[in-house]
Each structure stands twice: as structure tokens, then as C-alpha cells.
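In: Fold the following and give me the result.
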Amino acid sequence: MSTYGEGNVDKVLIVTPNGAGGWETIAAQDDDPMLTLVRRFGRADTAGAATVTGNSTLHTPTSGKSVRLKWIYLASPKQVNETVATVKLGVTTAYVVPLPSPSVFMRTSIRHGAVDAALTVDLSVASTVYANYELEEF
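Out: Predicted structure coming up:
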């Protein structure tokens, strides 16, 4: 099991139950790919999933806050319509993604929105797209 602490993360601890109700560290790694992502992007405080069939708001920030998008995944199942998904933070376009049928798009990159700007996905043609994301408000 990997554990990622709050705040600064120095290493990943691989632990196992010790039989006495506690945990025993069996390895400590500082080259874990997830640790690299946590160090680079920090922890996400909000995650979500949605089925998008048109123009959809995935997340609206708390009033007076901005969205920092850290990870997004879009998947188009096998269907008749191919579509182009436009991912936006308010009026700012973060990604324009052609989604032939079937296809997947995944991006781990920081994108910041303006204060009170919602995370949305707009589809060029009515289709079904599955969206998963991780973000934080700041």
C-alpha cells in the first residue's frame, strides 16, 4: 500500500499489517511515478465523473474561488457520432480534443481558470463522452 502524506511528500512508504493491529514499513521509495506527480502538481481536493451528452458543466467553483485543473480523462464509447470536445475553464479554452469512436484522451497538466469560472465540456455533435477529472479550488 502506498501512502501520500499531506503537504510536502518526501517518499512513498510500502507497508504491510504487522499482526498487532499496526503497520510495518517494508520499503521506502522516492522514485514512485505517483510520488513524482504529487510533488509536481500537489494533491487534488476534488474529483468527479460525468457522462456528457452535450454542453455540460463539470464543476462550478465556490464563489470567489478559481479552479486549478490537474487531470482530465475523456472517453468516447463506440457510437455512430464522432465529436470534438472542447474543455473550458470559463471562457478560456484549455483543450480541443477530437474524439473519434471509440477513443480516449487523458492529460495531466495544470490549467488555471479565472475567479468563478466553471469547468465545462462542450461537444460539437450530440454524443456520449465519459469525463473524469481532478482539480482544486484556490
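
In: how's the chain carved up into domains?
Out: Per automatic domain parsing, the domain ranges recorded for the chain read 2-41, 46-137.

In: Now tabulate those domains in a markdown table and tack on mean pLDDT and mean neighbour count.
Out: For the C-beta atoms, the positions are set from N, CA and C on the backbone; glycine is no exception. Below are the domains of the chain laid out as a markdown table (pLDDT from 0 to 100; neighbours: other CB atoms under 10 Å):
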| stretch | mean pLDDT | mean neighbour count |
| --- | --- | --- |
| domain 2-41 | 57 | 12 |
| domain 46-137 | 89 | 16 |
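
In: residue boundaries of the strands in the chain?
Out: 2-3, 12-17, 23-29, 46-52, 56-59, 67-76, 83-89, 92-99, 103-112, 119-123, 129-137 (DSSP state E).

In: which residues touch the residue lying closest to Trp71 once chain neighbours are set aside?
Out: Once flanking residues are discounted, Trp71 sits nearest to Glu134: 4.3 Å by CB to CB, 6 or more residues apart in numbering. With contact set as CB atoms under 8 Å, 6 or more residues apart in numbering, Glu134 has these partners: 44, 46-47, 69-72.

In: Now the two most distant members of the residues you listed.
Out: Within the contacts of Glu134, Thr46 and Ile72 form the most distant pair, 12.5 Å apart (CB to CB).
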